[in-house]
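Enquirer: Next comes the sequence, and after it the predicted model I'd like to discuss.
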Amino acid sequence: MDPWTFGCLVAIVVVASSLQGSIGFGAGMVAAPAIALVAPELLPALVVMFACLLTLMVTIRERAHLDLAGAGWALLGRLPGSVIGAFMVVVLPVTALSWVVAVSVLAGTGSAFLGWRPAPTRGVLVTAGALSGIMGTSTSVGGAPMAIVWQGQEPARTRGTMSAFFLVGSIVSVVMLALVGAVTWYAVHVFLGLIPAVAVGFLLSRRLNHWMNTERLRVCGLILATGGGVLLAIRLLVGI
């Protein structure tokens with residue numbers, strides 16, 4: 001890999017890690033469209049791998065604020081969703097799959113901006129977890145369903161709960177992708193080189209946490225989710 005490409009990846013990972021460390025999700029929504037522009041062959045494996053490390057760090061930091069019951073119900077849906085997502089990577093055209101994800105994200109965030117706040121009941125959490133598993137495993141952009149369901153919660157609780165959910169979910173996604181041959185040694189090598197960038201982003205997120213309150217967290221989360229969907233749609237429209 002040439003220095004310019006690796007430098008771009010470092011910048012992408014630092015920004016994505018700092019945002020996810022602050023609001024509890026978003027690394028995939030920021031990193032996946034950007035990485036697709038400079039090193040598309042690394043997707044979705046690279047984003048899912050560094051998400052494993054980042055969510056572990058945030059979960060440990062916010063362990064006192066975890067909603068274990070909520071995370072558990074969401075994971076009940078995430079596990080089969082990840083299997084479906086890995087299967088879709090193998091059998092569906094990338095373009096068709098990406099359009100489904102982009103439209104789903106924009107529809108959900110648009111509804112949330114208009115005031116839709118689904119109650120985090122067991123059924124809603126399982127459904128959102130399944131959608132997150134499908135989207136996260138197939139495209140590495142799986143945060144939007146959980147951001148919509150958990151919007152409006154206290155920031156530390158949101159960060160801790162979402163990180164615990166994404167930690168287990170990302171590990172499952174890596175395993176599923178590896179089983180279908182979508183995790184290459186090249187991607188693993190690049191991930192190892194980017195570990196310091198993940199750590200820098202995590203440390204920067206501590207400063208952002210002092211500024212974040214419940215409403216700012218909700219707005220930032222929805223804006224980030226919308227931005228990810230828009231960037232994905234633009235990339236599909238221009239054919240990159």
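Expert: Received it, and whenever you're ready, just let me know what you need. Please read all numbers here as calculations on a predicted model, not as lab measurements.

Enquirer: Could you use CA atoms for every contact and neighbour count after this?
Expert: Will do.

Enquirer: middle-most residue in this protein, spatially?
Expert: G28 (3.9 Å; C-alpha atoms, centre = their mean).

Enquirer: tell me which element that one falls in.
Expert: According to DSSP states H and E, G28 maps onto helix 27-38.

Enquirer: Flag every buried residue along that helix.
Expert: 27-36 (16 or more other C-alpha atoms under 10 Å).

Enquirer: any weak-confidence spans in this protein?
Expert: Within the chain, the segments meeting pLDDT under 70 span 94, 97, 101, 108, 214, 217-218, 221, 225, 239-240.

Enquirer: which residues does the nearest residue to F165 once chain neighbours are set aside contact?
Expert: Excluding its sequence neighbours, the residue lying closest to F165 (C-alpha to C-alpha, 6 or more residues apart in numbering) is A71, at 5.3 Å. Applying C-alpha atoms under 8 Å, 6 or more residues apart in numbering, we find A71 in contact with 161-162, 164-165.

Enquirer: Give me the secondary structure label for A71.
Expert: Following DSSP: H, G, I helix; E, B strand; the rest coil, A71 is assigned to helix.

Enquirer: Go ahead and confirm S163 touches I60.
Expert: No. The pair S163 / I60 is not scored as a contact, 9.2 Å apart, by C-alpha atoms under 8 Å.

Enquirer: Could you check which of the two is surrounded by more residues?
Expert: Comparing S163 with I60 by other C-alpha atoms under 10 Å, the one with more neighbours is S163, at 31 against 13.

Enquirer: buried residues in the strand or helix carrying the more buried one?
Expert: Assigned by DSSP H and E, S163 belongs to helix 155-179. By 16+ other C-alpha under 10 Å, the buried positions in helix 155-179 come out as 155-177.

Enquirer: Tell me which other helices or strands that helix touches.
Expert: helix 3-23, helix 45-61, helix 68-91, helix 122-139 (3 or more C-alpha pairs under 8 Å, 6 or more residues apart in numbering; DSSP states H and E).

Enquirer: ok, 10 Å please
Expert: With contacts defined as 3 or more C-alpha pairs under 10 Å, 6 or more residues apart in numbering; DSSP states H and E, helix 155-179 has these neighbours: helix 3-23, helix 45-61, helix 68-91, helix 122-139, helix 144-149, helix 195-209, helix 214-238.

Enquirer: Distance from the chain centre to it, please.
Expert: 8 Å (C-alpha atoms, centre = their mean, to the nearest Å).

Enquirer: what's the next secondary structure element after it?
Expert: helix 185-193.

Enquirer: by contact count, what packs against that following helix?
Expert: helix 3-23, helix 45-61.

Enquirer: Distance to I148 for the contacts of A71 - can I get that in a markdown table?
Expert: As requested, the contacts of A71 are exported to a markdown table (distance: C-alpha to C-alpha, whole Å):
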| residue | distance to I148 |
| --- | --- |
| T161 | 14 |
| M162 | 12 |
| A164 | 17 |
| F165 | 14 |
